[in-house]
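Chemist: Below: sequence and its predicted model.
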Amino acid sequence: MKKKSEKQQDQAKELQIDKEEIQALSARVAERRLEEQDWQRLHRYLVLLLKLTNVMEYGRVRMRRLTRILFGKRTEKDSSGEDKKGKDNDTSPPGSPTAEGKPDSKGSPASGHRDETDAATPDESQAKGHGRHPASAYQNAHETVCPVCDNKVGDPCPACGRGRLRQQNEEIILRVKGSAPVTVEKYRIEKLRCDTCGLILKGKLPEQAGEEKYQDSAKVSVVMMKYGSGLPFYRLEKQQAYQQIPLPAGTMWGLVEDVANAVFPVYRELERMAAQAKLLFIDDTWGLVLDDKKKQHTTGVVAQVDHHWVTLYLTGTEAAGRKVLDLLQQRGANLPRPLQMSDALACNYPDPVLIVVLLCWVHARRQFFDIKEFYPQECAVVLEAIGRLYGREKKIRDLQLDDAARLVYHQQHSQPVLEQMKKWLQDQQDQRLIEPNSALGKAVQYLNRHWDGLMGFCRYPGAPLDNNIVERILKDAILLRKNAYFFKTSHGANVGSLLMSLIKTATQAGANPFSYFEALLGHRHELRQNVGLWLPWNYPAVLRT
């Protein structure tokens, strides 16, 4: 018998519409030359029509869900050109951290239309690797040296007796074992008592046992499972129980809170640094706090500070723009206004006097991409122009231009193309070829209304094209929300934002977040004396001294 999930998948496939199939079927019906299988197709589409009629008449369904059922999951890939190779919404400013936290060296054009200067480089066509991890990737593996016990370098060969043994490269063998996320070591301390004087003698704990019941590594394991991988406390508690090492959810929260208290000074320093940044990316997602009985905003802020990237998660009832204004109160009075990249929601820039407003080209492109099937000619002009823009951005990365040279390059090559596209749209409106209240008309209005913010990359050195970097870091908050559903209190939400901020910032800096938290917990008193030394990009040097 089929499982329930398999039956649901079969039902979903039965509901989906194949446009090419319908067009071919319609042509055969018009020509009165139906094939044998066409009767099954006609029956399936008639049943589908009946189901849709019932749903629209009696049911309640969101249009997004209905569209996904009928046409499958939608992506923003074009069927031509480079979009076959990469996502158009996976672009970042030059040198920014990718989803894995490393600088992204490739650009992603927003459309398949390119010109001669946007040709693909040879390395793009190379095949991907096999995907296996080398032995060097297992940096925290426990190592055991297996020596050649009876021989050493320089000894005569035991086989021939004539040659001498020389050193060769070691052979590395991996053995992967499993254990609970949090493990326990049990020590049995023997005790003896004198039956006359009552003297009690007992054994001593080994030095590696430490003084605390819950060691730093256990605390960090819980933090990483919860806020790094989105695993709720109750699931982690269940996993521990399966392996007969009980760890209640309440105990885990106590461990997490202790870690947050220890690393809080580092978070405050990251906030101070972000306030001085020359470039900010911001966006929101929602989260539920039970005690407040309402949704709150989890704001993602990615700041470029010198050559480092700082990621902050801010939780509260206010939207992203207001939180950033509060953050900028720590900004130096002599510093210029920061560049702020976001989408076009007005709540993201409540006071444009304090910031330079930059708006996202991916959001603008989506206005036209969503309606391109209904207005193919008009949308093709816009998508082609934006595609060329991203082609120029990739060319800039290949040439490794600095911010000043990048600005000049875009002014010479990208700005004329975009201005020409805008003028063409305006001519279409002036000739009344575009209905103002139509979907296309509203998309054109969006482009005109936000043109200054979209063209910021042609006025300010280092201004990015889109907001994708912060969209990616918000996926961690969304993952946590999908798995845990809610925070119980605002305090719990703030603790989660603090720990996720340090995990993401450490990852972007190329540091191991697990080892980083262990270092902070092991030096919690020292870090309060000089927090700057314990930032993710500085702490390895401190540990070596």
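Modeler: All right, it came through fine.
Chemist: any weak-confidence spans in this protein?
Modeler: Under the criterion pLDDT under 70, the flagged ranges of the chain are 1-16, 54-74, 78-131.
Chemist: Against R132, how distant is the residue positioned nearest the centre of it?
Modeler: Centroid-nearest residue in the chain, with Cα atoms, centre = their mean: R472, separated by 3.1 Å. The gap separating R472 from R132 is 26 Å, by Cβ to Cβ, to the nearest Å. All C-beta atoms are positioned from the backbone trio N, CA, C, and that covers glycine.
Chemist: Equivalent analysis for E31, please.
Modeler: Taking Cβ to Cβ, one finds E31 at 55 Å from R132.
Chemist: Report the separation between the two terminal residues of stretch 165-177.
Modeler: Terminal residues of stretch 165-177 lie 34 Å apart, using Cα to Cα, to the nearest Å.
Chemist: Any idea how far that stretch is from the middle of the chain?
Modeler: 37 Å (Cα atoms, centre = their mean, to the nearest Å).
Chemist: Run through who's touching it.
Modeler: Identification of contacts with stretch 165-177 by Cβ atoms under 8 Å, 6 or more residues apart in numbering yields A135, Y138, A141, N151, K152, V153, G154, D155, P156, C157.
Chemist: Can you name the two of those residues that sit furthest apart?
Modeler: Y138 and P156 (36.2 Å; Cβ to Cβ).
Chemist: circling back: now tabulate the contacts of stretch 165-177 in CSV and tack on neighbour count, distance to E378 and secondary structure.
Modeler: CSV is the format used below for those (neighbours: other Cβ atoms under 10 Å; distance: Cβ to Cβ, whole Å; DSSP: H, G, I helix; E, B strand; the rest coil):
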residue, neighbour count, distance to E378, secondary structure
A135, 10, 55, helix
Y138, 13, 54, coil
A141, 12, 58, coil
N151, 12, 79, coil
K152, 10, 79, coil
V153, 10, 76, coil
G154, 9, 80, coil
D155, 12, 82, coil
P156, 12, 85, strand
C157, 11, 81, coil
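Chemist: what's the closest of these to Q508?
Modeler: Nearest to Q508 among these is Y138, at 22.0 Å by Cβ to Cβ.
Chemist: Quick one: residues contacting that closest one.
Modeler: L174.
Chemist: For T299, give its distance to R44.
Modeler: Distance from T299 to R44, counting by Cβ to Cβ: 47 Å.
Chemist: Oh, that last question was meant for I282, not what I typed.
Modeler: Applying Cβ to Cβ, the value for I282 to R44 is 47 Å.
Chemist: Neighbour count for those two, which is higher?
Modeler: Between I282 and R44, counting by other Cβ atoms under 10 Å, I282 is the more crowded of the two (26 against 13).
Chemist: hey, C-alpha coordinates of stretch 451-458 in CSV?
Modeler: Below are the C-alpha coordinates for stretch 451-458, written out as CSV (Å, rounded to 0.1, in the frame of the first residue of the first chain):
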residue,chain,number,x,y,z
TRP,A,451,14.2,54.9,-9.5
ASP,A,452,16.5,57.0,-7.4
GLY,A,453,17.0,54.3,-4.8
LEU,A,454,17.6,51.6,-7.5
MET,A,455,20.2,53.7,-9.3
GLY,A,456,22.2,54.4,-6.1
PHE,A,457,25.0,52.1,-7.4
CYS,A,458,25.7,54.7,-10.1
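Chemist: what comes up buried for that stretch?
Modeler: G453, L454, M455, G456, F457, C458 (16 or more other Cβ atoms under 10 Å).
Chemist: how far does that stretch sit from the chain's center?
Modeler: Worked out by Cα atoms, centre = their mean, stretch 451-458 lies 25 Å from the chain centre.
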